[in-house]
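Undergrad: Here you go, sequence then predicted model.
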Amino acid sequence: MEITLKEITKIFQAKDKSETVAVNKLDITIPSGKLIGLLGPSGCGKSTTLYMIAGLLTPNEGRIYFGDEDVTDMAPEDRGIGLVFQNYALYPHMTVRQNIMFPLENIKVPKQEALQRAQEMADLVGIGELMNRKPKQLSGGQQQRVAIARALVKKPRVLLLDEPLSNLDARLRLATREEIKRIQRETGITTIFVTHDQEEAMSISDEIVLMDLGVKQQVGEPQDVYDDPYNLFVAKFLGTPPINMIPGEIKNNQVFVKGAKIGGKVAKNQDVVVGIRPEGFNIDPKGSLELEVYMVETIGRDTTLIIKNFEDEEKSYRVIVDARHRIQPGDKVKFNIDEDKFYVFNQETGERL
Amino acid sequence: MENNTMNRTRIRTIIFKVFVYSFLVGFAIFVLIPFYWMVLTSFKSFEQVRTEVPPSLFIGFKDLRLIENYASAWTAAPYWEYMLRTVTVAAISTVGTIFTTIFAAFAFARLNFKGRDLLFLALISTMMIPGEMFVITNYITVSNLGWYTPLGQTQFEAMLALTMPFMTSVFYLFFLRQAFKQIPDELYLAAKVDGTSDWKYLWKIMVPIASPTIITIIILNAMGTWSAYIWPKLVAAEYPLVTNGLREAYQDFFGMVNYSQQMAAALIVTLPLLIVFLFLKKYIMRGVSRSGIKG
Amino acid sequence: MLEKQSNLKALFYLAPAMVLLSVFTFYPLFNAFFLAFLKDYEFLLRSARGFTILGNFKNVITDPDFGIAMKNTSIITFISVPISVIVALLISVALNSVKKLQGAFQTIFFLPYVTNAIAIGMAFAFIFHADYGLLNTILGWFGINPINWVGLNASWSNAMFALLVYTVWGGLAFKIMVFLSGLQSIDKQYYDAARVDATPRRRVLTRITIPLLSPMIFYITVTSFIGAFKAYRTIIGMFGETLRPPGTLSKDSLITIVGLVYDALAHADATGKMSEAAAASIILFSITMIFTLIQMQISKRRVHF
C-alpha cells in the first residue's frame, strides 16, 4: 500500500488561542511494502504526522491517500491500520491472548478463527509461549512484541509504530530493531515508524524521512541521505559522532578552512560553513590542515581525537583515526580531507552549495 | 459508498453526543433542583406558598419577595449570635488542628523515632472506627471536665466543649504526612548540610511547599464546623451553632410552618458553603479526589 | 538516610496531637468497651454494680427499635449505595467523554458535597411536601394524585422512598469526583488503541474503562457501604429529631443504628443507658469492621487486576 501525503498542514491551538504549526505543507510518498523511518528531533512533527496517517488527528489542510483512496476524512478504524504505541497501551487486565484477540472480537471474527490467528501472530513475533500471561508479567521487549502482534492480527494495510524502541534498554533495543525488521520482511507490510534516534532509523529503514520544525528536510535511502545531505540540518542530524561544522571560505573555486586548502568547489567567492565528517580526516605528514589535539578518546577499534573549537567551546571537533596512530594530547597533526566527506553550506540559509 | 459510511459515523457521533449531553443535563437538573426549590420558595410570599396548590415553578417579577423572608428568618432566631459563635469555633478548632497536625505530620514524615511505624499504624486504624464510639466517652469526659453541665453552662465552657475534641484529626494528619513525604529527601539533606534546624526547615521549606494541602485542610475543617450538628447539640444545647439553630428555630411540626422563611434560613446557612466552594474549588476538589484514592 | 533516632525531638513534635488523641480518641475507644460491660451504670453517680458480659448488648438487641433500625439501615445501605455508585459511574464516564462544559458540569455535580445535610434535608422535605411540594406537582402533570411522602401520618415506605432519593442525591458528588479523577488517570493511549481497533463504544466501556477502574469502584462501594451504615444526619434533616414523619408510630420510624446510639445517649441519665449506647456503638463498629475486612481481603487478592 503506497501512502501519499499531499501538502499536509497541522496546526495546534493552545488554550490561549496561540497557534503552533506542528506540520507544515508536508509532501511525502511512502512506497509500498517498505520499512520507513520518520526521523527528527523532538517537536519536529513526526509523531503528529504518524497520528494523522493513523487518523487519530485530522490535518487542517492537505489530503492523505492510501493507494488511490482518499482517507483524509476516514475514521481510524476504517483505515485498516495497525498502530503500536510508544508505551504499548496493552490492556493490563487482559492476558496476552485477550489483548491480541481484542481487535478481532471488535470486528466479530468467529472465536475459533480469532484464537488461531492470535496464535499465529504471537508465534510470528516470538511470544507464542506467553499467551496466558498478563502484560505486567512480561519484560519490556515482550510487551513490545505483544503490541506488534495486536496491531498486526487484523491484517492491516499499514503498520505504524510510535517510537517503538524508546522504552527499552540499550541491549534490548538492538535485538528489537532487528526483530522489527524481520517481522516487516516476513509480512511485507508497509511500515512506518517514528523515532528521534538517527542510528535506529538508519540501521533498519529502507528509507528515511527526515523532518525538522514541521517541514520535510530530506527523503531517501539512509546511506544516500548520509552521503549527500541537502542542508546543514540533515548533515548535522545524521552520524555519530556528529559532523564537524567549521567556518571556512571559498576563494577561486577552492575551499579553505583555517587558512588551509582542503579541496575544490565550483562556486563564487564567499564565507561558508564547511562540514567535515569525523571519518573524513586522513593523517598525512604532507596534509594541508594542521590541528592541535586537545584530548584523545580510545575505544579500541579506532581513536577519536578531540580538537578544541575556539569559536564555540561547547562544540569541540571530533576526528576519527585508525587506532594504529599513537597520538598524545598536545600533538600537532596534519590532515588531508576526503573529497566526498566534506560539504559546503551557505552561511545564511544552510543550503548545500 | 465511502461518503455514506463517513456520514453514518458522523451521524452516529452526533446522536451519541446528544444522548450524553441530555444525560448530563438531566442529572445536573436533578442535582440543582433542591437549590432551585430553596431559592424559589424563599422568594415567594407566605401567602403565595400557602395558597398555591400546586405551587408555581417560576415566579413573576412582581411577586418576587427578595428581602422579606430573609429578614424574618434572620430575626426569628438570634442568627448573628449563632454565626459569630460558629465562626469562632471554626477558627479555634482549625488553628488548633493545623498546628497539631503540622507538628505530628512532620514527626511522622521526617523524623526517625522508636515505634514510629507502629504508632502511625495505630493512628490510621482509628480512621476505620465509627465516630459514634468516641462520642459516648467524649460526652462523659467533657462532663467530667466540667465543660458541660446541663444547666448553667457558661459560654466559655461551651466553647471548650465544642473545640477541644476537634483540635487535631487523624485524617488530616495522614493527608498532610503524605504531602510532606513527597518533598524530596535531598532538600532536607541540603538544609542539614547548610546547618538549618529542623524547626526552621519545617516552617521555611516544608510548610510552604505543602501549603496547598494545608489550605485544603483549613477549608475542609472550617466547612465541617459550619455543618456540625450532633456534637454541639449534645454538649452545648444552649449555645447552638448555625446548623442547630436552623433545625430548631424553623422546626416544622403540626403548626403553620412558614416555608418561605424556613427555606430562606436554609439558604442563609447553605450560601456561605457555596461561596467558599466556588472560590476555592480546586483545593476542595483536590482534597476529595485524593481522599478517594486512598485515605 | 535518617538512621539517627531523635526520640526526644519527636516527642516534642508529637506531644500536642498525641495528648489530644489520647484523651479524645484512644481512651474513648477502650472506654466504650469498658462501658458496654458495666452492669446498671448510673451516669449521674458514675457508678455501676459490677460487670455483665452481654447484658447491655441484649438490652440493645431486644429493644424493638433495634430491629427497625437494622431494617432501615440495611435498606438505606443496600439500595442507595448500588444506585448511587452506578449513577455516579455513568455520570463520570459521560462527563469524561465531553469537552465542552465539562468544568461547569463538574462544579454542579460537586455541589451536594459542600452543602449542609440539615439544610438540604429541609429542602428535600419541602420538595416532597404533599400540597406545596415540587414532586407532587410534577406527578400531577401525569395525572397522578398527590402522594403523602413525608407529611402527617405518611407511610413508612413513602418516607423511606423520599429518604432514599435524598441519600442518593447526597452520595453522588463524592463518588463522581473520585471516579472522574480515576478516569482521568487512565492512559489516553488505551482509548486511541481501542479506536484504531474499531472498538464499539459499549465495549470500550465494559471491556476497558470499567475493568481498569474496577479497583476504585470496589473501594468506593465498600467505603460507601460503611458511610451509608452510619446514616443519621440526612434523616434529621428531613424528619427532625423524631426521625419519622409527624403523627406516625415508632414502628414506622426511620431510625438507624447511629440513631440508636444517640437515642440512648439522649437518655444517658437513666440506669444503664450509657452502657447501651456503648454497646450499640460497638455493634455498629463490628458491622463496619466486617465491611472493611471484606474489602481488605478482596483488594489484597485483586491488587494485580
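TA: Cool, got the structure.
Undergrad: I'd like the average pLDDT over stretch A:227-241.
TA: Confidence over stretch A:227-241, taken as the mean pLDDT, stands at 91.
Undergrad: Only the buried residues of it, if you could.
TA: Buried positions in stretch A:227-241, judged by neighbour count with 16 or more other C-beta atoms under 10 Å in any protein chain shown: A:Pro229, A:Tyr230, A:Asn231, A:Leu232, A:Phe233, A:Val234, A:Ala235, A:Lys236, A:Phe237, A:Leu238, A:Gly239. For the C-beta atoms, the positions are set from N, CA and C on the backbone; glycine is no exception.
Undergrad: Just give me the closest of those residues to A:Ile208.
TA: Nearest to A:Ile208 among the buried residues of stretch A:227-241 is A:Leu238, at 8.6 Å by C-beta to C-beta.
Undergrad: How about the contacts made by the closest one?
TA: When contacts are counted by C-beta atoms under 8 Å, 6 or more residues apart in numbering or on different chains, A:Leu238 touches A:Gln198, A:Met202, A:Leu210, A:Val225, A:Tyr226, A:Pro229.
Undergrad: Show me which of those are buried.
TA: Neighbour counting over the contacts of A:Leu238 (16+ other C-beta under 10 Å) leaves A:Gln198, A:Met202, A:Leu210, A:Val225, A:Tyr226, A:Pro229 as the buried ones.
Undergrad: check contacts around the closest residue to chain A within chain B.
TA: Closest residue of chain B to chain A, C-beta to the nearest C-beta: B:Thr9 (5.3 Å). By C-beta under 8 Å, 6+ apart, the residues touching B:Thr9 are A:Ala75, A:Asp78.
Undergrad: Please, which helix or strand holds it?
TA: Taking DSSP states H and E as the criterion, B:Thr9 maps to helix B:2-42.
Undergrad: Let's test this: mean pLDDT of that helix, rounded?
TA: In this model, helix B:2-42 has an average pLDDT of 87.
Undergrad: still on that earlier bit, roughly how far apart are the residue of chain B closest to chain A and A:Val109?
TA: Distance of B:Thr9 to A:Val109, computed by C-beta to C-beta, to the nearest Å: 21 Å.
Undergrad: next one: B:Ala73
TA: Using C-beta to C-beta, B:Ala73 is found at 68 Å from A:Val109.
Undergrad: Between those two, which is the more surrounded one?
TA: B:Ala73 (25 against 18; other C-beta atoms under 10 Å in any protein chain shown).
Undergrad: C-terminal to the host helix or strand of the more buried one, what's the next element?
TA: Element membership for B:Ala73, per DSSP H and E: helix B:68-76. Next in sequence after helix B:68-76, counting helices and strands by DSSP H and E, comes helix B:79-110.
Undergrad: From the contact counts, what lies against that next one?
TA: With contacts defined as 3 or more C-beta pairs under 8 Å, 6 or more residues apart in numbering or on different chains; DSSP states H and E, the packing partners of helix B:79-110 are helix B:116-125, helix B:155-163, helix B:170-181, helix B:211-226, helix B:242-249, helix C:7-21.
Undergrad: Please work out which of these is packed deepest.
TA: Among the helices and strands packed on helix B:79-110, the stretch with the highest mean neighbour count (mean count of other C-beta atoms under 10 Å in any protein chain shown) is helix B:242-249, at a mean of 23.
Undergrad: what angle do that one and helix B:211-226 make?
TA: Going by axes from the mean of the first three to the mean of the last three C-alpha atoms, to 10 degrees, helix B:242-249 is angled at 20 degrees with respect to helix B:211-226.
Undergrad: Brilliant, that's me finished.
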